[in-house]
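# how does the following fold in three dimensions:
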Amino acid sequence: MKILVCISNVPDTTTKITFTNDNTQFNTAGVQFIVNPYDEIALSRAIELCEGGKGTVTVINVGESATEPTIRKALAIGADDAVRVNAAPRDAYFTAFQIAEYAKANDFNMILCGRESIDYNGSQVAAMIGEFLDIPSISIIKKLDFDGTTATVEREIEGGKEVVSVTGKFVASCAEGTAEAKIPNMRGIMSARTKPLTVVEAVAIEELGKVTKFETPAPRGAVKLVPAENAEELITLLHTEAKVI
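The predicted structure is shown next:
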């Protein structure tokens, strides 16, 4: 069994977000980057499925050379080898296309992603990979089992859960509950230095869209307390100031 796990290089959750170049680019100065937490969940489940010599786990990242420390952390967690597509991940469409192109040339039983990246929160890449490869794509799964030929996954739905069975190659995006994120130990950290990390060039694809501007949320205003007995004033404020009704 061969599993491909897609990982994103994202800012640490404590990062203060600012922009440069007239608010068109994220300011990376002084930012600590990490493996996207949802991708860590996908990676952990892939490692569990391959334990005992049942298979291998390859991680893939679309990014420039600055992302390699993040890739090495994924190797330290337990991936067997890694691939970096040498290009800035300009959007989900571009990223999914690059991953799909690599997957086409290599025979993977399944492709796992996190449910979303914590920087853009788009939840688009997994479905796009499935479309590019013309294989099933299952979004936001909570459980994944594989018996060698058939995968059984669970998804949460309104008022219950959905159990899906899929035979053959597929893509799935993993959410909390699929696995517990693994912490690399010293042995893993040392071995990550020598595990293969292959760099491939990006495949040209038309740019369908581009970011024209980023905006940060307006700063929070002062708290205004309204006596419980004055419902009319509260309704007026929610309508005229907060503008939520």
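# what segments of the chain are helices?
Along the chain, the segments classed as helices by DSSP state H run 37-49, 68-77, 92-104, 125-133, 186-192, 231-240.
# and the angle for the second one with helix 37-49?
Taking axes from the mean of the first three to the mean of the last three C-alpha atoms, to 10 degrees, helix 68-77 and helix 37-49 form an angle of 30 degrees between their directions.
# give me the mean pLDDT for helix 68-77.
Averaging pLDDT along helix 68-77 yields 96.
# contacts for it?
Outside helix 68-77, the residues within contact range by C-beta atoms under 8 Å, 6 or more residues apart in numbering are 5, 7, 9, 33-35, 40, 43-44, 47, 59, 61, 81-82, 84, 182-184, 188-189, 191-193, 195, 197. (Each C-beta comes from the backbone N, C-alpha and C, glycine too.)
# winner for burial among the helices of the chain?
Sort the helices of the chain by mean neighbour count, taking mean count of other C-beta atoms under 10 Å, and helix 37-49 sits at the top with a mean of 24.
# what helices and strands are in contact with that helix?
Helices and strands touching helix 37-49, by 3 or more C-beta pairs under 8 Å, 6 or more residues apart in numbering; DSSP states H and E, are strand 2-6, strand 56-63, helix 68-77, strand 110-114, strand 137-146, strand 170-174.
# redo the ones you listed as CSV? Include distance to residue 208.
Formatted as CSV, these follow (distance: least, C-beta to C-beta, whole Å):
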stretch, distance to residue 208
strand 2-6, 20
strand 56-63, 16
helix 68-77, 27
strand 110-114, 20
strand 137-146, 20
strand 170-174, 21
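# between these, which gets nearest to residue 20?
Ranking the helices and strands packed on helix 37-49 by proximity to residue 20 (C-beta to C-beta) places strand 56-63 first, at 18.4 Å.
# give the other helices and strands that the closest one contacts.
Secondary-structure packing of strand 56-63 (3+ C-beta pairs under 8 Å, 6+ apart): strand 2-6, helix 37-49, helix 68-77, strand 81-86, helix 92-104.
# quick one: contacts of it?
Residues outside strand 56-63 that contact it (C-beta under 8 Å, 6+ apart) are 1-9, 43, 46-47, 50, 67, 70-71, 74-75, 78-85, 87-89, 94-95, 98-99, 102, 106, 108, 202.
# so for residue 241, which of the helices and strands packed on helix 37-49 sits nearest?
With C-beta to C-beta as the measure, strand 137-146 is the member of those nearest residue 241 (35.9 Å).
# paired strands for the closest one, with orientation please.
strand 150-157 (antiparallel), strand 170-174 (parallel) (DSSP bridges).
# ranking the ones you listed by burial, who's on top?
Neighbour counts (mean count of other C-beta under 10 Å) averaged over each of the strands paired with strand 137-146 peak at strand 170-174, with a mean of 27.
# now do that strand against strand 2-6, angle only.
Going by the same axes, to 10 degrees, strand 170-174 makes 50 degrees with strand 2-6.
# I'd like the average pLDDT over strand 170-174.
On average, strand 170-174 scores 96.
# what do you get for stretch 85-94?
94.
# can you pull the buried residues of it?
85, 87, 89, 91-94 (16 or more other C-beta atoms under 10 Å).
# do the same with stretch 60-68
Those would be 60-63, 67-68, for stretch 60-68 by 16+ other C-beta under 10 Å.
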